[in-house]
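Student: Please work out how this folds:
(one chain, ligands or ions: 1)
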Amino acid sequence: MVKVNVSGCASFADAAKYQQYVAKAIKAQQVLKAGNGAGNDFLGWRVLPSGTPESLVAACEAVRDDWAGRGVDLVIAVGIGGSYLGAKCVIEALSHNFAKQLRTRKAAEVVFAGNNLSEDYLSELMDLAAERNVACIVISKSGTTTEPAVAFRLIKQYLEQRYGKAEAAARIVAITDAKKGALKTLSTQEGYRSFIVPDNVGGRFSVLTPVGLLPIVAAGFDIRALLKGALEMEKALADEKEDNPAIVYAAMRNLLYAELGKKVEILVNYNPKLTYVAEWWKQLYGESEGKDGKGIFPASVNNTADLHSMGQFIQEGERVMFETVISVDEADRKVVIGTDPENLDGLNFLAGKRVEECNRMAQLGTKLAHIDGGVPQLEVSIPKLDAYNLGSLLYFFEWACGVSAYTLGVNPFNQPGVEAYKKNMFALLEKPGYEEATKAIKQRLAE
Ligand code: PA5
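Tutor: This next block holds a predicted model:
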């Protein structure tokens, strides 16, 4: 179960002020629960674990089994933003660090596309596809997003040329809106198996819908355990108690932001498998809170590596940040440092200790140093890095995001700012319907 520890903020945050922010966060949680706040037509994610039918889980597993029967060993998951980061974060967190290099892999490998417009990336993806037995999951809630649409056009053509139209259709699954969008039309016409992204679930809150579940199960991971962990968290966060971890997290980060000018939150990990948890979290908090001229800028570091690159700035640079450390209580494996009779590296003082103990002392030492340097520390911990606890962690961050954004006073569930670049890109690419915008942007560039 997820625990939040804010003792590393004690020397910064006044206790009475903290109580004020707890009261604000409790009110925000009541709004989130009652469903009467801004953006309340996007609250479907709140009950994804408890409301997810067995038939949906079984349908995801059936796709995995069908593809296994066809010998598929490479699944290309096409999507961007919320239609990509949830699956990527879970797969990276649960995978062996060297899964790509190991020859003992049993499940298919899931790779991602449609999250960039790099020509080299797409071309090199085709090099990989040529060596493997391929299937594709194309994910777009709107069904109209350019990056995945461009990637999917290429992959669809490739699969049809290689396998023929009927077999290609059996190797493609679409995840999109129930009724509208180009991907819906295409998948109906081509007869693809499809899954629905519920109307009331926004992209960045969709990891526990088929958007996340299908790529995760295709990669060989236990989505039942993931959902079970999320369900436990759904129950645990329901009460408006002041020690509710979501309320503690939301209260403290809002206090640090509003009272102490801490405008940057750095999500810190001490396990490279958590790198993409931070990327998913950055989208969740950045898109949910960064609006109306407000919001904490979400950043991340991967320690101990980044202590040797970002550590100097965090210790002594502009004092605008606080850190939230994701801490995993138990390492999965055990490696003990050996004795060396010559001790030329001077490390015999570590002989007999686990590497994880060194990692913990690095974490503790950094915490104390950064507190001394003026950087408050929050800690979000889970007992183990497995599907169950990861499910809890994801649900915790989603719920806490809703509570925190309402505490801040913004609508957590819209993202109006994302449209600005698209409008310019379409004008520059001369998309039909953008004639006026094209003229205006060309004139602007010529000035
Ligand atoms: O959180 C969001 O809503 C966005 O990040 C979307 O997930 C992203 O833009 C992709 O949209 P779509 O699934 O419609 O292609």
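Student: Which residue comes closest to Ala405 once chain neighbours are left out?
Tutor: Leaving out its chain neighbours, the residue that sits closest to Ala405 by CB to CB, 6 or more residues apart in numbering is Pro412, at 3.5 Å. (C-beta placed from N, C-alpha, C; glycine too.)
Student: how about the one you found, phi and psi?
Tutor: Note on Pro412: its backbone torsions stand at phi -70, psi -10 [degrees, to the nearest 10].
Student: Hmm, Leu43 and it touching each other?
Tutor: No: counting by CB atoms under 8 Å, Pro412 does not reach Leu43; the two are 9.9 Å apart.
Student: Counting neighbours around each, name which of the two comes out higher.
Tutor: Between Pro412 and Leu43, counted using other CB atoms under 10 Å, the more crowded position is Pro412 (29 against 19).
Student: ok, now which ones touch the more buried one?
Tutor: Contacts here follow CB atoms under 8 Å, 6 or more residues apart in numbering; on that basis Pro412 touches 38-39, 288-289, 401-402, 405-406.
Student: Which of those are buried, as a ChimeraX select command?
Tutor: Buried members of the contacts of Pro412 can be picked out in ChimeraX with the line below, counting by 16 or more other CB atoms under 10 Å:
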select :39,288,289,401,402,405,406
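Student: In helices, which of the contacts of Pro412 appear?
Tutor: Per DSSP state H, helices hold the following members of these: 288-289, 401-402, 405-406.
Student: Mind putting those into a markdown table with pLDDT and distance to the ligand?
Tutor: Listed next are the ones in helices among the contacts of Pro412 as a markdown table, based on pLDDT from 0 to 100; distance: CB to the nearest ligand atom, whole Å:
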| residue | pLDDT | distance to the ligand |
| --- | --- | --- |
| Ser288 | 98 | 9 |
| Glu289 | 98 | 13 |
| Cys401 | 98 | 12 |
| Gly402 | 98 | 14 |
| Ala405 | 98 | 13 |
| Tyr406 | 98 | 18 |
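Student: Gly338: which of the residues you listed is nearest?
Tutor: Checking the ones in helices among the contacts of Pro412 against Gly338 by CB to CB gives Cys401 as the nearest, at 44.4 Å.
Student: pretty sure that closest one contacts Gly286?
Tutor: No: counting by CB under 8 Å, Gly286 is not a contact partner of Cys401; they are 10.2 Å apart.
Student: any idea of the pLDDT on the residue in the stretch 251-400 of the chain positioned nearest to the ligand?
Tutor: Of all residues in the stretch 251-400 of the chain, Glu287 sits closest to the ligand, at 5.5 Å by CB to the nearest ligand atom. pLDDT recorded at Glu287 is 97.
Student: Number of residues surrounding it?
Tutor: 23.
Student: Based on its surroundings, how many neighbours for the residue nearest to it when sequence neighbours are not counted?
Tutor: Distances taken as CB to CB, 6+ apart place Gln415 nearest to Glu287, at 4.7 Å, with adjacent residues excluded. The local packing of Gln415 (other CB under 10 Å) involves 19 other residues.
Student: Could I get the phi/psi values of Gln415?
Tutor: Taking degrees, to the nearest 10 as the convention, Gln415 sits at phi -150, psi 60.
Student: Contacts only, for it.
Tutor: Taking CB under 8 Å, 6+ apart as the test, what Gln415 contacts is 202, 287, 291.
Student: The ligand contacts on this structure?
Tutor: Residues of the chain lying near the ligand by CB under 6 Å from any ligand atom: 80-83, 140-142, 145, 148, 202-204, 287, 415.
Student: how about the helices in the stretch 201-350 of the chain?
Tutor: In the stretch 201-350 of the chain, the helices defined using DSSP state H, counting those that start in this stretch lie at 210-218, 223-236, 245-260, 275-289, 311-316.
Student: So which of these is the most surrounded?
Tutor: helix 210-218 (a mean of 28; mean count of other CB atoms under 10 Å).
Student: same for it, what does it pack against?
Tutor: helix 54-69, strand 74-78, helix 85-94, strand 134-140, strand 172-176, strand 193-196, helix 223-236 (3 or more CB pairs under 8 Å, 6 or more residues apart in numbering; DSSP states H and E).
Student: let's see it at 7 Å
Tutor: With contacts defined as 3 or more CB pairs under 7 Å, 6 or more residues apart in numbering; DSSP states H and E, helix 210-218 has these neighbours: helix 54-69, strand 74-78, helix 85-94, strand 134-140, strand 172-176, helix 223-236.
Student: Residues touching the longest one, excluding its own?
Tutor: Applying CB atoms under 7 Å, 6 or more residues apart in numbering, the set of residues contacting helix 54-69 from outside is 108, 135, 173, 193, 210, 213-214, 217-218, 223-224.
Student: What is the nearest of those residues to the ligand?
Tutor: Closest to the ligand, out of all of the contacts of helix 54-69 and judged by CB to the nearest ligand atom, is Pro210, at 12.1 Å.
Student: which non-adjacent residue is nearest the closest one?
Tutor: Phe195 (3.6 Å).
Student: tell me, how many neighbours does the one you found end up with?
Tutor: Phe195: 21 neighbours (other CB under 10 Å).
Student: surely it meets Val211?
Tutor: No: using CB atoms under 7 Å, Phe195 makes no contact with Val211, being 8.1 Å away.
Student: re earlier: check the contacts of Pro412 and tell me the two furthest apart.
Tutor: Longest span within these, CB to CB: Ala38 and Cys401, 13.7 Å.
Student: Name the residue closest to the centre of the protein, please.
Tutor: Trp280 (2.0 Å; CA atoms, centre = their mean).
Student: Could you tell me the per-residue confidence at that residue?
Tutor: 98.
Student: any idea how far Val207 is from it?
Tutor: Counting by CB to CB, to the nearest Å, the separation of Trp280 from Val207 is 7 Å.
Student: Need the overlap of contacts for these two.
Tutor: Shared contacts of Trp280 and Val207 (CB under 7 Å, 6+ apart): Gly86.
Student: what ranges do the strands span in this structure?
Tutor: With DSSP state E as the criterion, the chain has strands at 3-5, 74-78, 109-113, 134-140, 172-176, 193-196, 264-269, 297-302, 321-330, 377-384.
Student: now for the longest one, which elements pack on it?
Tutor: Meaning strand 321-330. strand 264-269, helix 355-372, strand 377-384.
Student: what does the domain assignment say about this protein?
Tutor: 3-38+228-408, 44-224 (automatic domain parsing).
Student: Ends of the first one, what's the gap?
Tutor: According to CA to CA, to the nearest Å, domain 3-38+228-408 extends 22 Å from its N-terminal end residue to its C-terminal end residue.
Student: same deal with the shortest one?
Tutor: Distance between the two ends of domain 44-224: 19 Å, counting by CA to CA.
Student: Pull the distance from it to the chain's centre.
Tutor: Averaged C-alpha coordinates place domain 44-224 at 16 Å from its chain's average position (CA atoms, centre = their mean, to the nearest Å).
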